[in-house]
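# coordinates only, no sequence provided:
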Ligand SMILES: N=C(N)NCCC[C@H](NC(=O)CCC(=O)O)C(=O)O
C-alpha cells in the first residue's frame, strides 16, 4: 500500500542572520531592531529541532539558506565595481538596503511556497508555487533561489511540478504556506486546502487592516488553487480578521494551525468564524463529526498573548489517528495564561496529547517560531523515495551540519558587520560547501 506521510522541510539559518527591523507589522522584528544576533546559535537551535523531530520518527528535511548579502540585487539597483566596493558604497549611501539584501529571512520556509500534495491535484503530482513575498523588499528577492532549491530537492518531474512565483505586485501578494493549511483523513487521500488571506485586491469595498499591511490577497490564493489543479469543492477560503493583523498577526500561522482532522485557532483569528466553520464542515462532508474545531477563547488567551508567545505558531504533528503532538517555542512555557491553557488542552478530549518545547529564541526575536521554520510536504512512499536523499535529516547529516556551522558561522553579528567583505566570502564559502553536503548542484548565482 502506498501510504503517505507528512515531511517537514526546515530552513537552515544562514550565516548573516541579523536583526534589522525590516518587517513593518511584525512586532518582534521591529522591537529587536539593531540588537546583535548570534547566527551560530540560531542555526544550532534550528538543527536541534530538526534532529528531535527526526528522532521522533517524523520525516525531516533541510532547505539550504540563500546567498547573502545578495550582490546581484545591489548591482540591479545601480551599485557597481568589485563586490567589496559595492558593499562599501551600499553601507555608506543605503544602509537599510544593505540590511535588506543581507537578511537570512529565507529560514522561515513556511513562506517559501504553497504546496499541494498529489492527493489533491488534477495531475496527481505534488505542486509547488514559491511565494513572491512582495510585501517586504528583503523577502521579495527570495523566490527564484527558493524555486531552484525546491527543484534540487524535489527533482523528479514525474512526481513534482514546480511553478514560478505569481506576478510580483501587491494584487497577487503571496506569503505561501504561512497562510495555507490542509485538512485530510490520511495524508495520501484527497484533502481540503484551506487558504487564508488578508485582503481582496480587486474589491475596494472589502474589509482590510488600517495600520499594518495585509500581505496576502484572495486573488493570489485563487491563482495558486487554479495552477495546482485543485477542485472547487475541496478548497475553502477565509479572511483573516483585519483587527488581528493590526495587532501584529502578520501571517495566519501566528493565530491558527491545522493538521489532518484538527483545526486549532483563536476565537478572533478570522473575520467570520461562523462561515469558516460552516465552509470547512461542508467541504469535509459526511464524516463531519470527525473534524475537531478547537477554538481558543479570548478570555483564556488574549490576542496579545498569542503574539507574544507564538502559541499557534506551533507544529501540530500526527503520531497516529487522533494522536497529535504540539511543538511550541519556549515563550509559551514562560507565558502563564498560555501554559495553563496548554496544560488543560492536553488533559482534555482533543487529539492533542503532548506538548514539546524548543528554544528558538534567535528566530523568535525576528518573529519566526517553530511553524515559520518549516514547509510541510505530504508525500506518498513513492514520492518520498524520489526526493534528494542528501537533504533528509539523520545522525550523519546532523553531525555534518553542526561541524559545518562551527566552521563557518560567527557567534555575534552587528548591523555594521554586514558591510564586511569577509562576511560575504565566509557566507559564499559556507554555501558552496553546503551544496555539496546536500547534493544540490549549483543553486546560487555566485556558483555560475
Ligand atoms: N509567520 C511565518 N510563517 N514566518 C515568519 C516570518 C518572519 C519574517 N521576519 C523578518 O523578515 C524579520 C527580518 C528583520 O527584521 O531583520 C517576516 O516578517 O516575514
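Arrived safely. In this text the structure is predicted, and so the values were computed from the model without any measurement.
# the strand or helix carrying residue 115 near the ligand at all?
Here residue 115 is covered by strand 113-116, with elements defined by DSSP states H and E. No - judged by Cβ under 6 Å from any ligand atom, strand 113-116 and the ligand are separated, with a smallest distance of 11.9 Å. Just so you know, the C-beta spots here come from the backbone N, C-alpha and C atoms, and that holds for glycine as well.
# next SSE after that strand?
Counting by DSSP H and E, what follows strand 113-116 is strand 126-130.
# and that next one, what other elements does it pack with?
If you count contacts as 3 or more Cβ pairs under 8 Å, 6 or more residues apart in numbering; DSSP states H and E, strand 126-130 packs onto strand 113-116, helix 143-153, strand 160-162, helix 218-227, strand 374-380.
# got the angle between that strand and helix 218-227?
Put simply, strand 126-130 runs at 150 degrees to helix 218-227, going by axes from the mean of the first three to the mean of the last three Cα atoms, to 10 degrees.
# give the rounded mean pLDDT of strand 126-130.
In this model, strand 126-130 carries a mean pLDDT of 99.
# swap in stretch 61-76?
98.
# same thing with stretch 250-258?
Mean pLDDT, stretch 250-258: 98.
# now do stretch 177-186
Per-residue scores along stretch 177-186 average to 97.
# which parts of it are buried?
Judged by neighbour count using 16 or more other Cβ atoms under 10 Å, the buried positions of stretch 177-186 are 177-185.
# what does stretch 388-396 give?
For stretch 388-396, the neighbour count (16+ other Cβ under 10 Å) marks 388, 390-393 as buried.
# and the contacts of that stretch?
9, 50-51, 53-54, 59-63, 152-155, 397, 437-440 (Cβ atoms under 8 Å, 6 or more residues apart in numbering).
# and the stretch 201-350 of the chain, which of its residues are near the ligand?
Checking the stretch 201-350 of the chain against the ligand by Cβ under 6 Å from any ligand atom, the hits are 250-251, 253-254.
# can you pull up the most central residue in this structure?
Computing the C-alpha centroid of the chain and ranking residues by Cα atoms, centre = their mean puts residue 110 first, at 1.4 Å.
# can you pull the contacts of it?
Listed by Cβ under 8 Å, 6+ apart, the contact set of residue 110 reads 176-178, 251, 253, 371-375.
# turn the residues you listed into CSV, including distance to residue 286.
Below are these laid out as CSV (distance: Cβ to Cβ, whole Å):
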residue, distance to residue 286
176, 32
177, 28
178, 31
251, 32
253, 29
371, 30
372, 35
373, 36
374, 32
375, 32
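# looking at these, which one is closest to residue 19?
Nearest to residue 19 among those: residue 372, at 15.3 Å, using Cβ to Cβ.
# which ones are touching that closest one?
Residue 372 sits next to 108-111, 178, 251, 253, 313, 363 when contact means Cβ under 8 Å, 6+ apart.
# just these: which are in helices?
Counting by DSSP state H, these place residue 363 in helices.
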